[in-house]
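Peer 1: quick one: sequence and predicted model below, then my questions.
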Amino acid sequence: MAPVESRRGLAQRAGIAATLVLAAALVSYHVNSGEFQRASADSSLRGGLEQAPGSPASPVSAGCHGSVPVHVSSSTEKSAIITGLAEKFNQDDAARRLPDGACARIGVDSLTSGRAEQYLKVGWPTTATDPKTARPQPEPQVWLPSSSLWPALVGSGYGTSKGSIAQSPLVLAMPAVEVAALEWKEHPRTWLGLLRLFASGANWRDYQNHPEWGRFRLAQDRPQQSTSGLESLVVMAHAAANNPGDPRFVQKVQSSVTEFTDNESDLMRTLNGLSRSADPAAVERYTSGILMPEQLLFSYDRRTPDEPLVPLYPTGGTVMFDHPYIELPGLSAEVKAAADLFHRYLMTPKSQHRLELAGFRINNRGAVTARLRAIVPAAKALPPRKQLPVPSTSKLKAILAVTTSGRGRR
């Protein structure tokens with residue numbers, strides 16, 4: 001295997017090449033970020049939360065006259081950051097004090113957006129657990145999914161969105177050596193042009209004579225569980241709409257998937273292990289591309305793996321993980337006020353800076369920070385005027401119904 005330094009150097013060169021040949025794009029979309037209504041019975045939102053697994057165990061501060069607990073369900077890729085910010089919030093009496101002198105107290109649990117959507121759709125069960133850890137998942141009052149597509153899928157709507165707290169564009173991430181090996185002049189830099197490589201069953205032996213890499217394969221999360229998987233279907237549907245001669249285009253792309261995982265963390269652990277194996281072609285043979293948020297690529301590459309990834313930003317636009325802050329329906333006035341305080345805290349410059357340090361884009365501007373570019377040299381500034389049309393909820397459900405996302409590793 002090539003030394004780390006040469007691999008990283010290759011990533012820099014491949015990133016520059018990708019920057020020269022790929023046009024910047026963005027979707028800054030919000031799927032109805034206003035009111036979402038839920039038809040369900042009222043429930044007590046304070047009872048039982050004191051012992052919730054995600055609730056802080058610290059006693060009420062001497063500066064507070066009682067506490068108003070709020071339980072938050074966060075998507076997995078940002079739950080550690082949100083948990084850290086919640087801990088700081090819980091120690092800041094000025095930030096969390098309500099007009100009556102009581103203080104908000106935030107507890108955070110981690111759950112994939114798709115799993116939370118499934119629980120919310122049927123009414124959050126008292127026995128809800130994280131299927132990976134078996135940890136109990138108390139019913140939340142605030143939901144932080146990765147995308148506004150999830151509340152739209154619940155049904156007629158779900159709660160009140162206070163807007164985006166951070167953003168990250170969907171990219172096609174490829175191993176640096178494969179980006180360098182492709183004959184870019186032969187492939188349109190659109191989603192259709194790139195995804196055709198996977199749908200067609202193309203083999204790397206036809207590109208710079210690399211038979212050891214096998215055929216073009218995607219690695220992807222399950223659309224029913226993960227936002228990466230769900231938003232991958234959005235770009236596949238967009239590509240298919242521009243390819244009317246092939247009604248099975250989406251299924252063909254899905255058939256190239258080497259592994260479906262429940263969340264990005266599993267995929268990154270697999271990739272990191274392969275990149276450090278004795279087999280120099282392990283990563284390339286496993287996957288030629290991963291549809292993933294730029295923030296996750298940032299998190300992966302900053303660990304300096306032996307095989308770094310390079311993001312591709314196809315022309316015509318992409319979709320954005322908009323990370324909405326959703327207050328679920330039925331909140332009492334004091335619980336809503338407490339949830340509002342935590343939202344206000346997440347939008348402070350200090351909290352936004354913490355999210356920025358983790359590779360998220362903030363303020364809906366799509367700007368590339370110096371830290372992001374230092375880790376992801378090919379990162380693009382993404383002006384919000386560029387956007388892909390988001391399929392209707394009914395169309396998205398139809399696409400989900402015909403995908404083969406139930407498979408595991410093949």
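Peer 2: Thanks, I have it.

Peer 1: let me see the contact set for Gln141.
Peer 2: Counting by CB atoms under 8 Å, 6 or more residues apart in numbering, Gln141 touches Leu45, Val70, His71, Val72, Glu327, Leu328, Leu331, Val335, Ala339. From N, CA and C alone the C-beta is placed, and that goes for glycine too.

Peer 1: okay, the first one: pLDDT?
Peer 2: Read it as Leu45. The predicted local distance difference test score for Leu45 is 32.

Peer 1: so where is the stretch 151-300 of the chain shaky, pLDDT-wise?
Peer 2: Along the stretch 151-300 of the chain, the model assigns pLDDT under 70 to residues 156-157, 183-188, 207-208.

Peer 1: and the strands in it?
Peer 2: Applying DSSP state E, counting those that start in this stretch to the stretch 151-300 of the chain gives strands spanning 159-164, 168-175, 218-221, 257-261, 289-293.

Peer 1: how is the chain divided into domains?
Peer 2: For the chain, whose domains are defined here by automatic domain parsing, the residue ranges read 4-28+168-321+368-402, 35-165+324-357.

Peer 1: now the longest one: how far from the chain's centre is it?
Peer 2: Between the centre of domain 4-28+168-321+368-402 and the centre of its chain there are 13 Å (CA atoms, centre = their mean, to the nearest Å).

Peer 1: would a markdown table of the strands of the stretch 151-300 of the chain with distance to Arg371 and mean neighbour count be doable?
Peer 2: Listed next are these as a markdown table, based on distance: least, CB to CB, whole Å; neighbours: other CB atoms under 10 Å:
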| stretch | distance to Arg371 | mean neighbour count |
| --- | --- | --- |
| strand 159-164 | 20 | 20 |
| strand 168-175 | 14 | 26 |
| strand 218-221 | 26 | 26 |
| strand 257-261 | 27 | 22 |
| strand 289-293 | 16 | 27 |
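
Peer 1: of all the ones you listed, which one is nearest Pro311?
Peer 2: Closest approach to Pro311 among the strands of the stretch 151-300 of the chain is made by strand 168-175 (3.9 Å; CB to CB).

Peer 1: circling back to that earlier point, out of the contacts of Gln141, which end up buried?
Peer 2: For the contacts of Gln141, burial is judged from neighbour counts taken by 16 or more other CB atoms under 10 Å, and it is met by Leu45, Val70, His71, Val72, Glu327, Leu328, Leu331, Val335, Ala339.

Peer 1: assumed the fourth one was part of a strand.
Peer 2: Which is Val72. Yes. When DSSP: H, G, I helix; E, B strand; the rest coil is applied, Val72 is found to be in a strand.

Peer 1: check contacts around Ile81.
Peer 2: Taking CB under 8 Å, 6+ apart, we find Ile81 in contact with Arg354, Leu355, Ala358.

Peer 1: tell me which element it falls in.
Peer 2: helix 79-90 (DSSP states H and E).

Peer 1: helix or strand right after that helix?
Peer 2: Per DSSP H and E, helix 79-90 leads on to helix 93-96 as the next helix or strand towards the C-terminus.

Peer 1: list the buried residues of that next one.
Peer 2: Of the residues in helix 93-96, those buried by neighbour count under the rule 16+ other CB under 10 Å are Ala95, Arg96.

Peer 1: which outside residues touch that helix?
Peer 2: Applying CB under 8 Å, 6+ apart, the set of residues contacting helix 93-96 is 61, 63-64, 89-90, 103-106, 338, 341-342, 344-345.

Peer 1: at 7 Å instead, please
Peer 2: Contacts to helix 93-96, defined as CB atoms under 7 Å, 6 or more residues apart in numbering, come from residues Ser61, Gly63, Cys64, Phe89, Asn90, Cys103, Ala104, Leu341, Tyr345.

Peer 1: of those residues, just say which sits nearest to Ser164.
Peer 2: Of all the contacts of helix 93-96, Ser164 sits closest to Tyr345, with 15.5 Å by CB to CB.

Peer 1: ok, the closest residue to Asn203 other than its chain neighbours - contacts?
Peer 2: Distances taken as CB to CB, 6 or more residues apart in numbering put Arg215 closest to Asn203, at 4.5 Å, once the chain neighbours are dropped. Contacts for Arg215 were tallied using CB under 7 Å, 6+ apart; they are Gly201, Ala202, Asn203.

Peer 1: touching, the second one and Arg217? I think so.
Peer 2: Spelled out, that is Ala202. No. Using CB atoms under 7 Å, Ala202 is not in contact with Arg217; the gap is 10.3 Å.

Peer 1: who's more crowded, these two?
Peer 2: Looking at Ala202 and Arg217 with other CB atoms under 10 Å, you find the greater number of neighbours at Arg217, namely 22 against 16.
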